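Student: This is the structure alone, sequence omitted:
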């Protein structure tokens, strides 16, 4: 290293220098952000991960050194030694803007071709090209700040859980395939032809086994993999802050999580999150917001109009109520002046795209307009206004359906879309817990009751009598942590009673043979004394994304995938040599496709 740097040693990072360093001889190293040649004056902005400092060359500079500095270009890697002095003109936009380095020694450590795009925070180049050259894109200060912040989050995470008695255990990456919420990524085994490992969708079973093993409190920044369609807050590989605790109930797990959130936001953002966090039941958030991960930074709550419209002459409403459904609405306060009829029609089309049969609306302005008011008396219409708190200047959007749960979900989607189109400002951090989820959910297509969560989730004690008689009343000991309409975490207390676990498998249609084949090692472990335990997993990527207000996970992940799960920089996934497939037993005399046809 000494030879490479010509004996130089870096004394400071570029962004560290301040007035207190004036008069000191320093050595900095980094990349050229830009060069400004003013004839007898030459300035070079040098950048590293800490920031930017100005290098100065003038009449007092050795001519050979001045000439060398004149030859540097954008993204050259330099080592510069010199004396810190006050700048003639202060740059208030830079933390180092009051000082500069009068350079006495300059070494070019690496030359650079002209980059394919300008490396600045306000770069206008499309994301696809920037992801192809991600190593250059990552030099942009905004992305470096994001990833340094992510590092800080990980550091505080490890400190907090260590101080609270948690042990960091690594779980395997190559595991047995188990049924989860998405498709597994499979890895063929060379040693065991025809057999496959799976990449973990979560360390769920291993962390439960660590409780059986007696570690009491486990945590891990766990890498997880899911073969599913991508979106702004989803990547095929992601990181969870995974934890499990023995001899606890739900309150203990939630308390640990709340302490972590409070510590994390205080130490990384200087933001105080009030505790305890608000807590809502699943039923409550669905009825009020139409979502099990509601954004509480704005109102527009769902109103139940069923009683107000019962017996009215509008057939759409009456048919839904007669079928055992309901009529619900949201009110867009003050929107009558902002939304035209055309704007309302767009919202109606959006709702239809979400599966709704239609939307009945009222624009309560000086000249009232409505899609259904002509079917109602003035008295009936007024009852609706009073029930929904719809005043002059508001817009009411109502929907009716025989399936209330479906109706609430569609209205919840419409609520978010309406808020977006109104440009409702959403600032700050709005946390909440959602608890008491249903244990089962009814699948109308199959006519069967399915598990809403993984089959090891414990049942609320008072609901045990309903397991066989009324599955719709059974609630689970599970909980979600929600931030600004994003699910950050999901967790539960686990079943450890083998008899109850066998009953749950039976109710879910999982035979004893299937259960043993899929989860046999965990069920065997429970025969040797399993402590009561529970835990949760917080999405680290999503958490950092929300804390920074980033628009996409790609802004907080160093080397992300794009929509089709490929990485543009390395070109993966890619074909491999034919011999590699033969070694893995994947290419034989007959192709797999031919075998399937036979």
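Tutor: Great, that's in hand. Note that the structure is a prediction, hence the values are computed from the model and not measured.
Student: From here on, just use CA atoms for contacts and neighbour counts.
Tutor: Noted.
Student: and the residue most central in space within the chain, what is it in contact with?
Tutor: Central residue of the chain (CA atoms, centre = their mean): residue 542, 2.4 Å from the mean position. Counting by CA atoms under 8 Å, 6 or more residues apart in numbering, residue 542 makes contact with 233, 488, 553.
Student: Per-residue confidence at the first one, what does it come out as?
Tutor: According to the prediction, residue 233 has pLDDT 74.
Student: wait, what's in contact with it?
Tutor: By CA under 8 Å, 6+ apart, the residues touching residue 233 are 542, 552-553.
Student: Among the residues you listed, which ones are in helices?
Tutor: In this view, the contacts of residue 233 that belong to helices under DSSP state H are residue 542.
Student: Show me which of the contacts of residue 233 has the smallest pLDDT value.
Tutor: Of all the contacts of residue 233, residue 552 has the smallest pLDDT value, namely 90.
Student: Give me the nearest residue to it, chain neighbours excluded.
Tutor: Once flanking residues are discounted, residue 552 sits nearest to residue 232: 4.8 Å by CA to CA, 6 or more residues apart in numbering.
Student: Distance of the one you found relative to residue 117?
Tutor: Separation of residue 232 from residue 117 (CA to CA, to the nearest Å): 24 Å.
Student: Please apply the same query to residue 80.
Tutor: For residue 80 relative to residue 117 (CA to CA), the value is 25 Å.
Student: In terms of neighbours, single out the busier of those two.
Tutor: Under the criterion of other CA atoms under 10 Å, the comparison of residue 80 against residue 117 puts residue 80 first, with 22 against 15.
Student: Angles on the backbone of that one, please.
Tutor: Per-residue torsions, residue 80: phi -130, psi 130 (degrees, to the nearest 10).
Student: try residue 508
Tutor: phi -90, psi 0.
Student: Quick check, pLDDT for it.
Tutor: At residue 508, the model reports a pLDDT of 86.
Student: Run a quick neighbour tally on residue 442.
Tutor: With other CA under 10 Å as criterion, residue 442 counts 14.
Student: Check which helix or strand it maps to.
Tutor: According to DSSP states H and E, residue 442 maps onto strand 440-443.
Student: hmm, who's touching that strand?
Tutor: 448-452, 471-472, 474-475.
Student: Please repeat the previous calculation with a cut-off of 10 Å.
Tutor: 448-453, 467, 471-476, 507-508 (CA atoms under 10 Å, 6 or more residues apart in numbering).
Student: Specify which member of these is nearest to residue 17.
Tutor: The closest of the contacts of strand 440-443 to residue 17 turns out to be residue 453 (CA to CA; 53.2 Å).
Student: Surely residue 277 touches residue 481?
Tutor: Yes - contact criterion CA atoms under 10 Å: residue 277 and residue 481 qualify, at 9.4 Å.
Student: higher neighbour count, these two?
Tutor: More neighbours surround residue 481 than the other of residue 277 and residue 481, with 24 against 17 (other CA under 10 Å).
Student: Now do the contacts for that one.
Tutor: 254, 257-258, 277, 279, 293, 431-435, 487-491, 536-538.
Student: Take those residues and keep only those in helices.
Tutor: Per DSSP H, the contacts of residue 481 map to helices at 254, 257-258.
Student: and of those residues, the nearest to residue 298?
Tutor: For the ones in helices among the contacts of residue 481, the nearest to residue 298 is residue 258 (22.7 Å; CA to CA).
Student: got any ranges where the stretch 1-150 of the chain has weak pLDDT?
Tutor: 1-6 (pLDDT under 70).
Student: The chain too?
Tutor: Short version for the chain, where the test is pLDDT under 70: 1-6, 179-181, 588-598.
Student: Report how many residues lie close to residue 302.
Tutor: Neighbour count for residue 302, taken as other CA under 10 Å: 23.
Student: Tell me the spacing between it and residue 290.
Tutor: 7 Å.
Student: which residues do those two both contact?
Tutor: 408, 411-412, 415.
Student: quick check, nearest of those to residue 175?
Tutor: Looking across those and measuring by CA to CA, the closest to residue 175 is residue 412, at 38.0 Å.
Student: Let's verify the closest one: helix, strand, or coil?
Tutor: helix (DSSP: H, G, I helix; E, B strand; the rest coil).
Student: show me where the stretch 301-450 of the chain has helices.
Tutor: Applying DSSP state H, counting those that start in this stretch to the stretch 301-450 of the chain gives helices spanning 306-309, 315-322, 341-353, 378-388, 404-422.
Student: what's in contact with the fourth one?
Tutor: Looking back up the chat, that one is helix 378-388. 301-313, 328-331, 362, 364, 372-377, 389-392, 394, 396, 398.
Student: what does stretch 318-328 give?
Tutor: By CA under 10 Å, 6+ apart, stretch 318-328 touches 287, 302-312, 315-317, 388, 397-408, 411.
Student: joint contacts of residue 277 and residue 481?
Tutor: With CA under 10 Å, 6+ apart as the test, residue 277 and residue 481 both reach 254, 258, 431-433.
Student: who wins for most neighbours among those?
Tutor: residue 431 (28 neighbours).
Student: if I pick it, what's in contact with it?
Tutor: 258, 261, 273-279, 293-297, 481-488.
Student: ok, now with 8 Å
Tutor: 277-278, 481-484.
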